[in-house]
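> Output the structure for:
(chains A and B)
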Number of protein chains: 2
Amino acid sequence: MGWASKYSEKGLTSIIVPMDTIIAVDIGGTHIRAASYAPDNIEPIKQKKIATRATEPGGLERLTRVIEDVWPSGDSVAAIGLGSPGPLDPHTGYLLAPPNNPEWHNFPLAPSVEERFDVKTFLDNDANLAGLAEYRYGAGKGHHYVLYITVSTGIGGGVIIEDRLLQGHHGLAAELGHIIVDPNGPPCSCGYNGHLESFSSGPAIVKYVLGELESGARSVLKREDNLSARDVANAAQQGDALAIQAYHRAGEYLGIGVASLLHAFDPSIVIFGGGVSQVGSLLFDPFDVSLKRHVFHPRYLEGLVITRAELGDDAGLLGARALAEMKLSF
Amino acid sequence: MGWASKYSEKGLTSIIVPMDTIIAVDIGGTHIRAASYAPDNIEPIKQKKIATRATEPGGLERLTRVIEDVWPSGDSVAAIGLGSPGPLDPHTGYLLAPPNNPEWHNFPLAPSVEERFDVKTFLDNDANLAGLAEYRYGAGKGHHYVLYITVSTGIGGGVIIEDRLLQGHHGLAAELGHIIVDPNGPPCSCGYNGHLESFSSGPAIVKYVLGELESGARSVLKREDNLSARDVANAAQQGDALAIQAYHRAGEYLGIGVASLLHAFDPSIVIFGGGVSQVGSLLFDPFDVSLKRHVFHPRYLEGLVITRAELGDDAGLLGARALAEMKLSF
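Numbering: from 1, shown residues only, chains lettered A, B, ... in the order given. Sure, this is the predicted structure:
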C-alpha cells in the first residue's frame, strides 16, 4: 500500500490520504448503496444500489456481493467504510440491535467484512457519518468544530471536534436527539420523557397536532392515522394556526436543545439535515428566536454559521468513505 | 530546548514530554499560586502563594513577580501555563470579564506574560484545568473520555475527549453548568432560566430552602441572609425533612443533566469536584437514582466510573502545568 502524507490546509491536523481505493457502503432501511473512490476524487469509480431486504436472511451475502460489484479492477483497496443505523459499536464493528433485522442483532458486521476481503473495515452510525461527510465534503468544509443535527423521524447527531469525529467511550456519543430538554415533556420513541426528539421530530409534530385536535382545537387537519409532518407543513403554509403552532413549538424546543449543545461543544457551525429541516422558515424562524433567547453568552453566536446540509442522499456514502480515511490516518 | 518523545501508556496518543521546566500559575479569587515543575515529577521544584488582591491595580506586576520567584535557577523554561476563572479565550490568551477585576477586562494576559519572559504561555479556565489535571494526575488517570463537573458556588465543567481537552471554537466549550435541564426552572446566576447551576449549585440549594421557608415549610433552618449550603447539609444530616428535600432536588436535577451529558459525550468516567460534592450520599444517592432513571440506553453505564476528584487545591496548578505540556505536544 502506498501513502501520500500531506498537511491539511486547515492547519490543525495532518491527514494522510491513502493512495489506494476506498470502498464505502451505506446500509439504509430500504437500500444498500456502495461505491469505490479513488484518492482525492469525490466522484465514485463504480457504484451500485440494491434493496436492503432487512427482514430476509442472507444480509451478509448481499452486502458482500455489492462490495464485490464496486471493487475496482486492478487496484488494491485500502479500507472499507460501513454506515448503518444504530445502535452499534464503532470500536468493535458490531451491530447491537438494528430495527427490523433480527439476523443482525449483536452481529460482528465490520469484522465479518474485514475477514471476507482481508481489508481493514470500519463501521459507524448513519447520523455520525452524515455529520462527518458534511464536515469533509459539504456544508462544514473548513470548520474544525461541527455540530450536525438531522431532524427526521428521529433526531440524530454527529459532532466533529478539532477535526475528529466524536465517537465516545462506548461509541454512543452525539445521541443529540436524546438530550433532555424538559423532564416533564412527552415520551420519546426510546421510551424516556422530554427528549429533544419527543418535541421536534416529525412524529412529535404530528403527535402534538393529534393531541390538540383531540382537545378540540380547530384546524383544517383531521385526526387521521396517516397524518404526516409534511401534511402539517402544508396546512401551516396555508395559514392553519394549529399547524403553525406545531412547528413553532418544535422550533422553540430545537432552539433550547441547540443552546445547551452550544454551551457543551461550542462549535463554529450547526448543520441541519433530515426531511423535517427542509420545511425552512416554518421551523427555523422560531428556532432562531429561541436559540438567541437561550444562549447565555453572546460570544457563542459570534461568527456561528447555521445552515442546511448539502450532500443529500450522498451523505451516507461519503461519510463511510471519510470514516475509512480518518481511521487509516491515526 | 531538548525533547524526549515517548508513547503514552494509554495507547491513543503520543505525548511529547518537554525536557525543560514548566511553570504553572493558578490565579484564584483570593490567592495566586505558582510552581515550577521538572519533567515527570509531580512535586514542584519551587512554589509560592500570594494574595490575589484582584480589586487593586498592579495585577500583572504581582503575577510577574510570583513567576520570577518560582523560576528555576540554571534551567530553561519550556512553557508557562496559566489558569484563571472565566470567561476567557484560551485561543488568544485574553481574559474577557473576570469578576471583581476591572483592570483585567479584555486583557491580553497570556500574551503579556509571554512577552515579558519570552516563553510560550497558555491560558484556560479553572474548571477546564481542574478536569485536565484529574485526567492527567488524579481520579481520571488511564481514561480517554473524561467528564469533570465541579459543583460549588457555580457549576463548571471540563471535558477530555480522546485524551484532548475540549476547548471549543470560541474557547467556551464545557460550560456544563449552563445546559438547560428545565426551561421553566429558576433563574441562574447568569440570568437565564433552568440551567443545571440554577438547580444544583450551593446557592441554588440555599435559595430553594429560603423559598420553601417563605411558603411556610417547617424546618430547623431559619430565613437568614447568611444561610449556606453547608448549613443545609448539617440540618439534613440531623434529619431535617426540608434540608433533605433540598439536596434530593439538587441531586435529581444533577442526574438529569449528567444523563444528557452522557448522551452527548459518552465518557468512561464522571468526576465530581467542588465543595457541594463533598456532602456525599445526601446529594449522590438521589443523583444515582435519577441518573439511572434518565439514561436512555444501559450501555452508557457499562463500566462507567462515577467518582470524586482527588487533587483538591492542587488541581488548578497541576491543570495549568498539564495545559502547557498538552499545548507543547501538538
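> So for chain A, which residue is the most central one in space?
Centroid check for chain A by Cα atoms, centre = their mean gives A:Ala127 as the closest residue, at 2.0 Å.
> Can you classify the residue lying closest to that one once chain neighbours are set aside as helix, strand or coil?
On the basis of Cβ to Cβ, 6 or more residues apart in numbering or on different chains, the spatially nearest residue to A:Ala127 that is not a chain neighbour turns out to be A:Gly156, at 3.0 Å. All C-beta spots, glycine's among them, are computed from the backbone N, C-alpha and C. At A:Gly156 the chain is in strand, as set by DSSP: H, G, I helix; E, B strand; the rest coil.
> With the one 4 residues further on instead?
Under the three-state scheme (three-state DSSP), A:Ile160 adopts strand.
> Quick one: residues contacting it.
A:Gly131, A:Leu132, A:Tyr135, A:Gly140, A:His143, A:His144, A:Tyr145, A:Val146, A:Tyr148, A:Leu166, A:Pro267 (Cβ atoms under 8 Å, 6 or more residues apart in numbering or on different chains).
> residue in the stretch 101-250 of chain A nearest to chain B?
As assessed by Cβ to the nearest Cβ, chain B sits closest to A:Gly168 within the stretch 101-250 of chain A, at 2.6 Å.
> where along the stretch 1-150 of chain A do the helices fall?
For the stretch 1-150 of chain A, the helices defined by DSSP state H, counting those that start in this stretch occupy A:59-70, A:109-117, A:126-137.
> Quick one: name the residues of the stretch 1-150 of chain A near chain B.
A:Pro87, A:Leu96, A:His143, A:His144, A:Tyr145 (Cβ under 8 Å from any Cβ of the partner chain).
> The stretch 201-330 of chain A: strands as residue ranges?
Per DSSP state E, counting those that start in this stretch, the stretch 201-330 of chain A carries strands over the ranges A:269-273, A:305-308.
> Quick one: closest of those strands to A:Ser201.
strand A:269-273 (12.7 Å; Cβ to Cβ).
> The closest one pairs with which strands, and in what direction?
strand A:146-151 (parallel), strand A:305-308 (parallel) (DSSP bridges).
> Point out the most buried one among the ones you listed.
Most buried of the strands paired with strand A:269-273, by mean neighbour count (mean count of other Cβ atoms under 10 Å in any protein chain shown): strand A:146-151, with a mean of 29.
> Just want the angle from that one to strand A:155-161.
Angle, strand A:146-151 to strand A:155-161, by axes from the mean of the first three to the mean of the last three Cα atoms, to 10 degrees: 170 degrees.
> ok, and what's touching strand A:146-151?
A:127, A:130-131, A:134-135, A:140, A:155-160, A:176, A:200-202, A:254, A:258, A:261-262, A:265, A:267-277, A:283, A:309.
> and the residue lying closest to A:Lys327 once chain neighbours are set aside, bridged to which residues?
Of all residues not flanking A:Lys327 in the chain, A:Phe122 sits nearest, at 4.7 Å (Cβ to Cβ, 6+ apart). Going by DSSP bridges, A:Phe122 is paired in beta bridges with A:Gly81.
> number of nearby residues for A:Phe122?
By other Cβ atoms under 10 Å in any protein chain shown, the residues close to A:Phe122 number 22.
> right, and it touches A:Gly83 too?
No. Contact criterion Cβ atoms under 8 Å: A:Phe122 and A:Gly83 do not qualify, at 9.7 Å.
> Can you check which residues contact both of those two?
Residues within reach of A:Phe122 and of A:Gly83 at once, by Cβ under 8 Å, 6+ apart, are A:Leu323.
> Mark which of the contacts of strand A:146-151 are buried, thanks.
Applying 16 or more other Cβ atoms under 10 Å in any protein chain shown to the contacts of strand A:146-151, the neighbour count classes A:127, A:130-131, A:134-135, A:140, A:155-160, A:176, A:200-202, A:254, A:258, A:261-262, A:265, A:267-274, A:276-277, A:283, A:309 as buried.
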